[in-house]
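Trainee: predicted model, plus sequence, below.
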Amino acid sequence: MNNKKSVVNFIIDRRKKLIIDLTYFFPNDIAKMISEYDYYLLGKNYTIYDRLNTSTINLLPDEQLVGGTPEGKIKIWNLRTGNCDNSIKGHSSSITSISVLSNCRIVSGSCDNTLNVWNLTTNKCENTFNHGDPITYVTSITNEQIISGSGNGILKLWNLNNNNNCACTFIGHTREIRSVIFIPDNKLHENAKGLIVSASNDKTLKIWNLKNIQSISSEIKCDLTLKGHTDWVRCVILLPDGKIISGSDDGTLKIWNYCTGECELTLTGHEGYIYFMKVFCYYDSGLIISGSSDNTMRLWNPQTGECVRIFTGHSSGVCCFNILPDESVISGSFDGTLKRWDLQTGECNFTFKSHNGWCLGVFVLPDGRIVSVSALNAIDIWS
């Protein structure tokens, strides 16, 4: 331990006043400080307080974080200093989703029915698209194409270099869109021009072939509907072998052949909702990690459907996690803690008492620092 430990606490109150408290502690003082203030832990750099919608938070290059507020503002935070570098007013209602593009651009979706394309170098809105309904989900499929989803199950494709015209509308889902992925044509059979896979609260996944787009503003129907889940489908990701895997509130993960629509494997074991999944290349094998409302994470072999390891220790649902540079896993939970796990043993080797409220997001910076996001408008940065 260094002779001195600096703890920088950045707090923004509801009047947006920035208070910086910089204090130096000698080693003998640190233990006393932790006992008196349990939110100051070894390794914690500082906390940012701001009203950001958790679903909008993304990392930007140069150690910046972007998020949208219920008031319709875009805010950019510098994670080296804890300062808010930028605040842009662009929507008339709450921002619900943000997707990061290249060339210092982002796309924001809002309850005001619009998507805005922002140039973060100039702080100007380059284009605005009207989805026609409150937007719940935005993602980019290329650097010049984005997809927006709404609570009524409508998906729309937008070309950023085409003024205000919707490239096509995807008709088929009947409830909210929860997740969308794009499978480029270089991974597909010769009759495809790229596929869209969408997951919805209507308990289905749908496959859309972009070759079916005949003209600007056309409507297309899905090629395949993947049925089998008995509750909301929250997430879908592409596996290294070209198949897709979905996670549902029915507690199962399903592996699908998107060419035939067949469910090839059902992974069972969780006893609660599947909140999140991630593909992890561990010792050259593509494994899946899932987090659930049953308070556990599980490590799966997607080739066999076997549960390789169970991670237990959280006292509430595991709603987010990420992979650290040393190939350990950091998880966030509704119990307000972060836990660091050894993948080989399944043991928790460190617990961060991060938040007094739910921990809803966790990110890893290129230098290995951890960013955790709380339901109580707090963002913690950890060494």
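Mentor: The structure has been received and is ready for your questions.
Trainee: what distance do you get for T136 to K124?
Mentor: 26 Å (C-beta to C-beta, to the nearest Å). Bear in mind the C-beta positions are built from the backbone N, C-alpha and C, glycine included.
Trainee: T96 too?
Mentor: Applying C-beta to C-beta to T96 and K124 gives a distance of 22 Å.
Trainee: more crowded one of the two?
Mentor: T96 (23 against 11; other C-beta atoms under 10 Å).
Trainee: only alpha carbons, please: show the strand or helix carrying that one as PDB.
Mentor: Taking DSSP states H and E as the definition, T96 sits inside strand 95-100. Taking Å, rounded to 0.1, in the frame of the first residue of the first chain, the C-alpha atoms of strand 95-100 are listed here in PDB:
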ATOM      1  CA  ILE A  95     -34.200   9.500 -23.300                       C
ATOM      2  CA  THR A  96     -34.600   5.700 -23.200                       C
ATOM      3  CA  SER A  97     -31.700   4.300 -25.300                       C
ATOM      4  CA  ILE A  98     -28.300   5.400 -26.800                       C
ATOM      5  CA  SER A  99     -26.200   3.700 -29.400                       C
ATOM      6  CA  VAL A 100     -22.500   4.600 -30.000                       C
END
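Trainee: which strands and helices sit next to that strand?
Mentor: Helices and strands touching strand 95-100, by 3 or more C-beta pairs under 8 Å, 6 or more residues apart in numbering; DSSP states H and E, are strand 58-60, strand 64-68, strand 73-78, strand 105-110, strand 135-142.
Trainee: got those strands as JSON lines, with mean neighbour count, distance to L210 and mean pLDDT columns?
Mentor: Formatted as JSON lines, these follow (neighbours: other C-beta atoms under 10 Å; distance: least, C-beta to C-beta, whole Å; pLDDT from 0 to 100):
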{"stretch": "strand 58-60", "mean neighbour count": "16", "distance to L210": "25", "mean pLDDT": "90"}
{"stretch": "strand 64-68", "mean neighbour count": "23", "distance to L210": "28", "mean pLDDT": "90"}
{"stretch": "strand 73-78", "mean neighbour count": "21", "distance to L210": "29", "mean pLDDT": "91"}
{"stretch": "strand 105-110", "mean neighbour count": "24", "distance to L210": "19", "mean pLDDT": "95"}
{"stretch": "strand 135-142", "mean neighbour count": "20", "distance to L210": "9", "mean pLDDT": "90"}
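Trainee: closest one to C348 among the ones you listed?
Mentor: Nearest to C348, of all the helices and strands packed on strand 95-100, is strand 58-60, at 24.8 Å by C-beta to C-beta.
Trainee: any idea how far the closest one is from the chain center?
Mentor: Computed by C-alpha atoms, centre = their mean, to the nearest Å, the chain-centroid distance of strand 58-60 equals 10 Å.
Trainee: residues contacting it, please?
Mentor: Around strand 58-60, the neighbours that count as contacts under C-beta atoms under 8 Å, 6 or more residues apart in numbering are 65-67, 76, 98-100, 106, 120, 363, 365, 371.
Trainee: can I get those residues in TSV including distance to G247?
Mentor: Rendered in TSV, the data for these read as follows (distance: C-beta to C-beta, whole Å):
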residue	distance to G247
L65	26
V66	26
G67	24
I76	31
I98	22
S99	21
V100	23
I106	26
L120	32
F363	20
L365	26
V371	23
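Trainee: closest one of those to W208?
Mentor: S99 (18.2 Å).
Trainee: doesn't I106 make contact with the closest one?
Mentor: Yes. Counting by C-beta atoms under 8 Å, S99 touches I106, with 6.7 Å between them.
Trainee: tell me the contacts of M277?
Mentor: For M277, the contact set (C-beta under 8 Å, 6+ apart) comprises 235, 237, 245, 247, 253, 288-291.
Trainee: whoops, G368 was the one
Mentor: Taking C-beta under 8 Å, 6+ apart, we find G368 in contact with 324-326.
Trainee: ok, 10 Å please
Mentor: G368 makes contact with 324-326, 382-383, according to C-beta atoms under 10 Å, 6 or more residues apart in numbering.
Trainee: does it count as helix, strand or coil?
Mentor: Secondary structure, DSSP: H, G, I helix; E, B strand; the rest coil: G368 is coil.
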